[in-house]
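Visitor: Take this sequence and fold it.
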Amino acid sequence: MKQFSNATKYYSKFLRQLECGGDLYPGQGPSCVFNETHNGSCSADCITGLEDSGAYCGCSGERGLQCPNSPKHVRCCVDTCSQELKMDLGFLLDASRSVLLENYKLQQKFTKDLLRRVNVGYQKTHVGIINYSNKIEVLSWLNKDYELNEKLQRVDSATYFNSGTDTALALKQANIVFSYENGRRQPEEGATPVIFVITDGESNNQTATVQTASVLKKNEIILVSVGVGSGPSLTELHAICTPPASENYFAISNYQALDKRLNQFMSRSCSEPAPISSNTAITIEISKDKYKFLKVQIITIGNKMLVTATLFNGDIKLFYSFKTRNPKDPAEFIDYQASTPDSNLSLWMRLKSFFHQSFKEKNMAKNSRVTLVIDKPDSEVDFVYLGVKGVEKNNIFELKFEDCDNVNCNSNASTKQRSLLLIILFSFFLR
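Guide: Model (predicted):
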């Protein structure tokens with residue numbers, strides 16, 4: 001059974017390397033009954049040995065009982081991640097003749113449905129909306145009209161132009177709306193920029209459309225293309241979106257199926273790390289047992305980076321990885337074997353439990369600060385992924401990233417850990 005378990009883990013890693021697009025984020029699984037008043041979705045627990053798959057496991061909200069007709073590690077979860085989202089969110093609505101009025105109304109419905117799912121507000125998600133054909137109508141800017149009802153009214157007021165399709169022009173305007181001068185928040189504010197490009201993929205100039213989309217992507221803006229109509233042009237729509245297309249393209253021709261795809265987007269957005277520059281500071285608010293994931297650009301002279309969290313309220317834990325985009329608390333990863341009781345765990349399993357505990361304790365708050373020293377690997381890397389987990393009900397803190405060549409990063413934590421390990425090993429061998 002143990003060999004079968006290991007083989008399953010290797011097979012899971014192999015499939016992910018193929019980028020087949022079959023992964024389910026928390027919130028995307030089959031529906032389940034969480035309790036008398038709430039439904040949930042089935043999600044797999046995080047499994048030891050699959051730490052690189054942290055984005056696809058665990059619950060984004062409260063964790064319930066085992067799902068019916070499922071393995072014991074598949075649980076019913078309540079999705080609450082949308083309340084934690086902080087995005088600069090954009091919509092490009094195609095009002096051209098080729099889309100047809102019926103499908104244009106579907107775009108409006110899609111946009112309003114999505115706006116109701118995100119936490120629109122001054123301190124949360126800001127929204128910019130562009131309506132286009134062969135001319136442009138900016139319905140809403142990122143730095144104006146922060147209330148949900150105002151955004152919904154703007155969508156309802158949009159004009160169906162019934163003319164040409166200049167998607168390149170709309171994308172150029174999106175680059176203006178998503179400029180820092182017009183309301184896009186700075187990286188240190190932790191708002192992920194995402195634009196939905198809703199079109200049939202039949203633009204006047206496909207080459208110009210793809211080139212303009214690449215400019216937005218170079219500016220670290222995530223593009224999600226949404227195909228509308230009975231036969232959208234997949235070539236253009238796949239070229240517009242941020243890779244992989246299996247995650248960042250979907251169609252709304254079957255609106256009944258769209259609800260599931262919206263859940264997919266919301267769940268993936270909760271797992272999307274916000275890009276942050278190093279040698280900067282960022283203020284974050286997070287709830288208990290929720291995560292905020294960051295993608296920190298490494299601009300260091302030396303081989304180490306110091307992450308310091310100054311706590312204004314509550315407590316947090318810090319985790320990092322150079323591989324997985326969603327590093328999580330090792331204590332959340334279970335050993336999925338044909339289990340034995342804890343009292344019969346092997347020596348290695350007991351030692352591994354110690355590693356999890358020591359890693360957790362090392363990053364707990366002391367004197368209103370949490371610190372983490374990150375050693376750069378020998379191979380060239382451009383980013384480090386950081387996971388921040390809330391410990392108490394309300395957690396407000398500031399993260400600061402510094403080069404260890406400029407500040408004192410000396411820590412005896414690793415020395416203490418090695419000493420404790422030697423003591424534990426010595427006590428085992430004396431038995």
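Visitor: Which SSE is immediately downstream of the helix or strand containing residue 320?
Guide: Assigned by DSSP states H and E, residue 320 falls within strand 316-321. Proceeding N to C from strand 316-321, the next assigned helix or strand is strand 333-334, under DSSP H and E.
Visitor: List the contacts of residue 152.
Guide: With contact set as Cβ atoms under 8 Å, 6 or more residues apart in numbering, residue 152 has these partners: 112, 115-116. Placement of C-beta: from N, CA and C, glycine included.
Visitor: That one sits in which helix or strand?
Guide: Assessed by DSSP H and E, residue 152 sits inside helix 148-156.
Visitor: Name the helix or strand of the chain that has the lowest mean pLDDT.
Guide: Sorting the helices and strands of the chain by mean pLDDT, DSSP states H and E puts helix 347-362 at the bottom, at a mean of 38.
Visitor: Please, where are all the strands along the stretch 201-350 of the chain?
Guide: Taking DSSP state E, counting those that start in this stretch as the test, the strands found in the stretch 201-350 of the chain are 222-227, 249-251, 274-277, 281-287, 291-297, 304-313, 316-321, 333-334.
Visitor: other SSEs contacting the next helix or strand after the helix holding residue 152?
Guide: Sequence order places helix 167-177 as the next helix or strand after helix 148-156, per DSSP H and E. Under the contact criterion of 3 or more Cβ pairs under 8 Å, 6 or more residues apart in numbering; DSSP states H and E, helix 167-177 touches strand 87-94, strand 126-132, strand 136-140, strand 192-199, helix 206-218.
Visitor: Quick one, which of the ones you listed gets closest to residue 402.
Guide: Residue 402 lies closest to strand 192-199 among these, at 23.5 Å (Cβ to Cβ).
Visitor: What count of nearby residues applies to residue 157?
Guide: Residues contacting residue 157 under the criterion other Cβ atoms under 10 Å number 11.
Visitor: ok, now which ones touch it?
Guide: Per Cβ under 8 Å, 6+ apart, neighbours of residue 157: residue 139.
Visitor: re earlier: which members of the contacts of residue 152 are classed as buried?
Guide: Among these, those that count as buried by neighbour count (16 or more other Cβ atoms under 10 Å) are residue 115.
Visitor: okay, the contacts of residue 152 in CSV with secondary structure and distance to residue 98 next?
Guide: Formatted as CSV, those follow (DSSP: H, G, I helix; E, B strand; the rest coil; distance: Cβ to Cβ, whole Å):
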residue, secondary structure, distance to residue 98
112, helix, 23
115, helix, 25
116, helix, 28
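Visitor: do you know how far residue 218 is from residue 175?
Guide: Residue 218 sits 10 Å away from residue 175, going by Cβ to Cβ, to the nearest Å.
Visitor: who has more neighbours, those two?
Guide: residue 175 (17 against 8).
Visitor: Would you check that that one makes contact with residue 219?
Guide: Yes - between residue 175 and residue 219 there is a contact under Cβ atoms under 8 Å: 7.1 Å.
Visitor: circling back: for residue 238, which of the helices and strands packed on helix 167-177 is the nearest?
Guide: helix 206-218 (9.9 Å).
Visitor: Just give me how far the closest one sits from the chain centre.
Guide: Distance, stretch centre to chain centre, for helix 206-218: 23 Å (Cα atoms, centre = their mean, to the nearest Å).
Visitor: try stretch 389-397
Guide: 18 Å.
Visitor: buried stuff in stretch 389-407?
Guide: The neighbour-count check on stretch 389-407 (16+ other Cβ under 10 Å) flags 389-391, 395, 397, 399-404 as buried.
Visitor: So which elements touch the strand holding residue 320?
Guide: strand 304-313, strand 369-375, strand 383-390.
Visitor: what bits of the stretch 151-300 of the chain have low per-residue confidence?
Guide: Within the stretch 151-300 of the chain, the stretches with pLDDT under 70 are 253-261, 263-264, 278, 299-300.
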